[in-house]
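1. sharing a model that was predicted from the sequence below.
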Amino acid sequence: MTPPPAGAPHRLPRHVAIVMDGNGRWARKRLRPRTFGHHAGQKAVRNAIEFCLRRGIAALTLFAFSSENWQRPEDEVGALMELFLKALDREVDELHGHGVRIRFVGELAAFAPALASRMRAAMDKTAANTKLMLNIAVNYGGRWDIAQAAARLARAAQAGEIAPDQIDERSLAPYLCLADQPPVDLFIRTGGEQRVSNFLLWQIAYAEIYFSATLWPDFDAAAFEQALADYAGRERRFGKTSAQIAAGNG
Ligand code: FPP
């Protein structure tokens with residue numbers, strides 16, 4: 001996918017990616033178990049999707065479960081799986097009705113067959129929708145993504161489809177998750193931590209990064225709007241100088 005020209009007035013991001021952090025702390029503040037926070041987080045997911053539909057954002061990528069999250073206590077992992085299953089059963093038809101294309105990105109094979117097959121069914125059902133591309137990263141890691149892309153490209157090289165010395169960024173890019181979508185313009189992390197945590201690594205090379213102290217369950221339309229306003233005020237230079245951008249040589 002071609003990046004937008006440097007300096008182009010893309011005041012509204014086409015692609016927003018979010019690390020939805022803070023569910024556990026939100027629950028703890030209410031003296032409730034962490035899973036209570038994840039349930040509240042699910043409502044915030046719904047709000048974020050509705051917000052993107054309303055504002056005409058083309059793609060939304062959510063980090064729902066990282067490759068590292070398997071290390072959480074067994075009951076929390078189990079509760080999250082249950083929550084994903086129920087959310088799929090409850091929400092897919094409505095999302096489909098709104099023209100949302102759902103895609104799960106990550107190693108789906110690691111999930112229980114019932115959950116993996118529901119994920120595949122949701123992707124198949126909504127595959128032709130175009131209003132919003134909703135990508136849900138599950139059992140995903142940015143390093144895993146780059147490694148799986150490299151492995152697939154190596155197989156293409158082995159099959160004689162590309163010579164190893166022709167391999168460059170452009171030949172690797174199509175093998176990465178989300179290669180068919182606009183580049184990530186805005187990367188949001190809620191919950192106050194300021195790190196990327198192995199989410200999209202390749203894909204955020206030129207993303208604007210926005211850290212919000214708001215815990216994910218409290219990340220409402222006003223908070224999202226604030227992130228967009230912050231984004232709209234950024235100067236995106238893509239390696240060029242301010243003067244070049246001002247002169248329209250972007
Ligand atoms: C991080 O907060 C959150 C997660 C690891 C899970 C995200 C899941 C949801 C928002 C639920 C619903 C999602 C979908 C797609 C239906 P944390 O638990 O690390 O919070 P903490 O940092 O306060 O402990």
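-> Nice, I can see it. Values in this document were obtained by computation on a predicted structure and should not be read as measured data. Residues are numbered from 1 along each chain as shown.
2. can you pull the pLDDT of the residue of the chain found nearest the ligand?
-> Closest residue of the chain to the ligand, C-beta to the nearest ligand atom: residue 24 (2.5 Å). Bear in mind the C-beta positions are built from the backbone N, C-alpha and C, glycine included. The model reports residue 24 with a pLDDT of 96.
3. with the one 4 residues further on instead?
-> For residue 28, the pLDDT comes out at 97.
4. that one sits in which helix or strand?
-> helix 23-29 (DSSP states H and E).
5. same question, residue 229
-> Under the assignment here (DSSP H and E), residue 229 is part of helix 221-232.
6. which other helices and strands contact that helix?
-> If contacts are counted by 3 or more C-beta pairs under 8 Å, 6 or more residues apart in numbering; DSSP states H and E, helix 221-232 sits against helix 34-55, strand 186-189, strand 208-211.
7. avg pLDDT for the second one?
-> Pointing back at strand 186-189 there. Averaged over strand 186-189, pLDDT sits at 98.
8. interface residues of this structure facing the ligand?
-> Within the chain, the positions adjacent to the ligand are 20-25, 34, 38, 41-42, 45, 62, 64, 69, 83-84, 87, 136, 191, 216 by C-beta under 6 Å from any ligand atom.
9. okay, buried residues for stretch 141-148 please.
-> In terms of neighbour count (16 or more other C-beta atoms under 10 Å), stretch 141-148 has its buried residues at 141-142, 144-146, 148.
10. ok, those vs residue 178, which is closest?
-> residue 145 (8.7 Å; C-beta to C-beta).
11. and the helix or strand bottoming out on mean pLDDT in the chain, C-alpha only, in PDB?
-> Ranked by mean pLDDT, DSSP states H and E, the weakest helix or strand in the chain is helix 242-246, scoring a mean of 80. Presented in PDB, the C-alpha positions along helix 242-246 are these (Å, rounded to 0.1, in the frame of the first residue of the first chain):
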ATOM      1  CA  SER A 242       9.400  21.300   7.600                       C
ATOM      2  CA  ALA A 243      10.500  23.800   4.900                       C
ATOM      3  CA  GLN A 244       9.900  21.100   2.200                       C
ATOM      4  CA  ILE A 245       6.500  20.300   3.600                       C
ATOM      5  CA  ALA A 246       5.600  24.000   3.800                       C
END
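12. and the residue nearest the centre of this structure?
-> In the chain, the residue lying closest to the centroid (C-alpha atoms, centre = their mean) is residue 61, at 2.3 Å.
13. spit out the contact partners of residue 25.
-> Residues near residue 25 by C-beta atoms under 8 Å, 6 or more residues apart in numbering: 37, 191, 215.
14. the first one - how many residues pack around it?
-> Yep, that's residue 37 we're talking about. Neighbour count of residue 37, defined by other C-beta atoms under 10 Å: 22.
15. quick one: residue 64 is in a strand?
-> Yes: counting by DSSP: H, G, I helix; E, B strand; the rest coil, residue 64 is part of a strand.
16. how much space between it and residue 18?
-> Distance, residue 64 to residue 18, by C-beta to C-beta, to the nearest Å: 10 Å.
17. and what of residue 228?
-> 12 Å.
18. ok, those two, which is more surrounded?
-> residue 18 (26 against 19).
19. check which helix or strand that one maps to.
-> strand 15-19.
20. Provide the strand pairings for that strand, with the direction of each partner.
-> On the basis of DSSP bridges, the sheet neighbours of strand 15-19 come out as strand 59-66 (parallel), strand 186-189 (parallel).
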